[in-house]
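Asks: based on what follows, work out the 3D shape:
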Amino acid sequence: MSDTLPLNAVVWAEIPVTDMDRSRAFYAAVLQNELQLEEGGPNPMAAFARKDAETAVSGHIYPGKPAPEGTGPTVHLAVAEPLEEAMERVTANGGKLASPIITIPAGRFVYCLDPDGNSFGIFA
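Replies: Modelled structure (predicted):
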């Protein structure tokens, strides 16, 4: 392996949303973590939780135009177990479940749609 390979090939994810307040509340409820509002850049954004907010990157939501329902990229987000409780938080907060639970060697996840139709996964 090359010494130039990054720790992770994917370093950042951006999810376009039509209503920042609604989307911040949705993702905060599902993930049980507040999204930090940051307005110092060219666009307002709300960053997903990360262990070291000064140096770590994770991704964010921002005002934008989502792809048609379920057609854009899928970002997978970590949730605390049990996964079933996170699934209930998705539907209770205006999202949709788009698959049954899928088990892989690394854990379990389910595909979902946020209130704007953005595809995302929750992983535990």
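
Asks: what segments of this protein are helices?
Replies: 20-31, 83-92 (DSSP state H).

Asks: now tabulate these in JSON lines and tack on mean neighbour count, distance to Ile61 and mean pLDDT.
Replies: From N, CA and C alone the C-beta is placed, and that goes for glycine too. Formatted as JSON lines, the helices of the chain follow (neighbours: other C-beta atoms under 10 Å; distance: least, C-beta to C-beta, whole Å; pLDDT from 0 to 100):
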{"stretch": "helix 20-31", "mean neighbour count": "18", "distance to Ile61": "5", "mean pLDDT": "97"}
{"stretch": "helix 83-92", "mean neighbour count": "16", "distance to Ile61": "15", "mean pLDDT": "98"}
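
Asks: out of these, nearest to Leu77?
Replies: Ranking the helices of the chain by proximity to Leu77 (C-beta to C-beta) places helix 20-31 first, at 6.0 Å.

Asks: so which elements touch the closest one?
Replies: For helix 20-31, the packing partners by 3 or more C-beta pairs under 8 Å, 6 or more residues apart in numbering; DSSP states H and E come out as strand 45-47, strand 60-63, strand 75-78, helix 83-92.

Asks: may I see these arranged in a markdown table, with distance to Ile102 as well?
Replies: Output for the helices and strands packed on helix 20-31, formatted as a markdown table (distance: least, C-beta to C-beta, whole Å):
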| stretch | distance to Ile102 |
| --- | --- |
| strand 45-47 | 27 |
| strand 60-63 | 24 |
| strand 75-78 | 11 |
| helix 83-92 | 10 |
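
Asks: on that earlier part again, of the helices of the chain, which is nearest Lys65?
Replies: Closest approach to Lys65 among the helices of the chain (C-beta to C-beta): helix 20-31, 13.2 Å.

Asks: and the angle for that closest one with helix 83-92?
Replies: Helix 20-31 and helix 83-92 meet at an angle of 160 degrees, taking axes from the mean of the first three to the mean of the last three C-alpha atoms, to 10 degrees as the criterion.
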